[in-house]
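*Asks:* pasted the sequence and its predicted model underneath.
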Amino acid sequence: MSATITPTLSQALGSGLAGAIALNVLHETVRQFVPDAPRADLLGERSIVKGFEAAGEQPPQGKKLYGLAMLGDVASNALYYSLVGVSKEQPVVAGAALGALAGIGAVTLPGPIGLGEAPTKRTTATAVMTVGWYLFGGLVAGAVFKRLKS
């Protein structure tokens, strides 16, 4: 009789972090070479600027703004992708669903919330890459979680 290991919060968070890092490495690498690549970095920067301005503060600029955007993106995606731990039996399927939903949200929500549509929806190729890359991050999170729990 084999013992099963109960997934822990740290396994879920670690898996989410792996998915978030994979997503960000893909975003940041491809955008250097592909003109139609999504620009999640710009969405992050715009949201930070909006937050600072709403608080009546001067937003950071340049490398500091970019660094905060990357930190916020990795942290928020890591927490989101850690939800793969909810599906103990099918974490890869859960990761795929989470990734697809995140990608669809990244294409459809920035415009209505005032961050602009161009970073993730300026062309059909941009939108497809956006959904695909978030799907990739979710699959990585699911696969890592599956491996950690076995």
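*Replies:* Received the coordinates, thanks.
*Asks:* okay, and for this protein, where does confidence drop off?
*Replies:* For the chain, applying pLDDT under 70 flags the ranges 1-7.
*Asks:* so in it, which helix runs the longest?
*Replies:* helix 124-149 (DSSP state H).
*Asks:* mind listing what's buried in it?
*Replies:* Neighbour-count burial for helix 124-149 flags 126-127, 129-131, 133-146, 148-149 (criterion: 16 or more other C-beta atoms under 10 Å). C-beta coordinates here come from the backbone N, C-alpha and C atoms, glycine included.
*Asks:* residue 90 versus the residue lying closest to residue 13 once chain neighbours are set aside, what's the distance?
*Replies:* Leaving aside its chain neighbours, residue 13 sits nearest to residue 82 (4.9 Å; criterion: C-beta to C-beta, 6 or more residues apart in numbering). According to C-beta to C-beta, to the nearest Å, residue 82 stands 16 Å off from residue 90.
*Asks:* okay, the two: which has more neighbours?
*Replies:* residue 82 (24 against 13; other C-beta atoms under 10 Å).
*Asks:* the more buried one contacts residue 18, correct?
*Replies:* No - with contact defined as C-beta atoms under 8 Å, residue 82 does not count as touching residue 18 (9.9 Å).
*Asks:* what is in contact with these two at once?
*Replies:* Shared contacts of residue 82 and residue 18 (C-beta atoms under 8 Å, 6 or more residues apart in numbering): residue 141.
*Asks:* this protein: helices as residue ranges?
*Replies:* Under the criterion DSSP H, helices of the chain are mapped to 9-30, 40-54, 62-81, 91-108, 118-121, 124-149.
*Asks:* quote the end-to-end distance of stretch 54-69.
*Replies:* Stretch 54-69 has its terminal residues 17 Å apart, counting by C-alpha to C-alpha, to the nearest Å.
*Asks:* follow-up on the earlier one: report the angle between the longest helix of the chain and helix 91-108.
*Replies:* Helix 124-149 and helix 91-108 are oriented at 150 degrees to each other (axes from the mean of the first three to the mean of the last three C-alpha atoms, to 10 degrees).
*Asks:* against residue 62, how distant is residue 68?
*Replies:* Note on residue 68: its distance to residue 62, by C-beta to C-beta, is 11 Å.
*Asks:* please consider this matter closed, and thank you.
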